[in-house]
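Q: fold the following, please.
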Amino acid sequence: ELRRAVVHTVDEEFLDLVIDQNTPTATSSGDAVADVKALLDAVEPTAESRLVFALAPDVARQAATLTTLTGGYVFPDFEILGGQIRGVPAIASDALPAGSMVLLDGTGIAGDADLITVDASDETTIEIEPDGSGDGPDMISCFQDNLVAILARAAFGAVRFRENAVAQITDITWGDAGSS
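A: Numbers count the residues shown, from 1 in each chain. Below is the predicted model:
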C-alpha cells in the first residue's frame, strides 16, 4: 500500500508539473487509431525522441481489449497494465483522470529526483482530514493508540521546456469492432 501511494502521488505531481493550460489537448474522436495519431501529430517526435504513452486505467482497459472488425486487437502489444502502442512504451497510470491519455517526449522534459526516504514513528500525532461533519480535523496520537506512523518523502522536480513535449486526449470512450 505504501509503494502504491508513493507511486500515485509522484505520478500525480509529475503530471501536474508537465501538463498545464498550454499543453496541446484534444477531445477524443472516438477512434483509437485516430487519437494515437493526433497525439503523435501534436508532439511531433523526431528520431531522437524518447516517447511514452500514459493511459488512465479505464482507457488502458479499453486499449487492451479493443478489437478490429476481423477480430484482431487494435493494439496487439498492449495489455491492461501496459506494453507498447505502435512500438512506443505505454503504461497505465492511476494519476490520470478517467478518459484521458497522454503522450510524453522525454527529450522535451528536464527533471531531477532525490532518493525516496521513509521514516517511522510511534510517538507522533497525526492530523486526519475532516470527515465532513464540521467538527474540524481529528488528531490521533500514535503513542496513546499504540500505532506506528510511516512517512514517505519524495523530492523531485520536472519542467517541460518544449511546448509540444506533452499532449493529451480527453473524453476517451473507444467502442469495439470497427471503431478503429
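Q: excluding its backbone neighbours, what's nearest Asp58?
A: Spatial nearest neighbour of Asp58, excluding adjacent residues (Cβ to Cβ, 6 or more residues apart in numbering): Ala98 at 5.0 Å. The C-beta positions use only the backbone N, C-alpha and C, and glycine is treated the same way.
Q: so which residues of this structure form helices?
A: 2-18, 32-43, 57-65 (DSSP state H).
Q: what's the spacing between the residue lying farthest from the centre of the chain and Ala152?
A: Note on the chain: the largest C-alpha distance from the chain mean falls to Gln144, namely 38.2 Å (Cα atoms, centre = their mean). For Gln144, the distance to Ala152 equals 23 Å [Cβ to Cβ, to the nearest Å].
Q: check contacts around the residue nearest to Asp58.
A: By Cβ atoms under 8 Å, 6 or more residues apart in numbering, Ala98 lies in contact with 56-59.
Q: nearest to Glu123, of the helices of the chain?
A: Nearest to Glu123, of all the helices of the chain, is helix 2-18, at 19.5 Å by Cβ to Cβ.
Q: packing partners of that closest one?
A: Helix 2-18 sits against strand 149-153, strand 156-160, with contacts defined as 3 or more Cβ pairs under 8 Å, 6 or more residues apart in numbering; DSSP states H and E.
Q: what angle sits between that helix and strand 149-153?
A: If you take axes from the mean of the first three to the mean of the last three Cα atoms, to 10 degrees, helix 2-18 sits at 40 degrees to strand 149-153.
Q: next one, pLDDT for the residue nearest the centre of the chain please.
A: Centroid-nearest residue in the chain: Ser93, 3.6 Å away (criterion: Cα atoms, centre = their mean). Looking at Ser93, its pLDDT reads 94.
Q: and Trp174, how far from Asp20?
A: According to Cβ to Cβ, Trp174 and Asp20 sit 26 Å apart.
Q: which residues touch Ala120?
A: 148-151.
Q: can you map out the strands along this structure?
A: Ranges of strands within the chain are 25-27, 51-55, 78-79, 82-85, 88-92, 101-105, 109-113, 117-121, 125-128, 138-141, 149-153, 156-160, 166-170, based on DSSP state E.
Q: now the last one, how far from the centre of its chain.
A: Right, strand 166-170. Between the centre of strand 166-170 and the centre of its chain there are 11 Å (Cα atoms, centre = their mean, to the nearest Å).
Q: give me the beta-bridge partners of Arg160?
A: Following DSSP bridges, Arg160 is listed with bridge partners Ile109.
Q: residues near it, how many?
A: 20 (other Cβ atoms under 10 Å).
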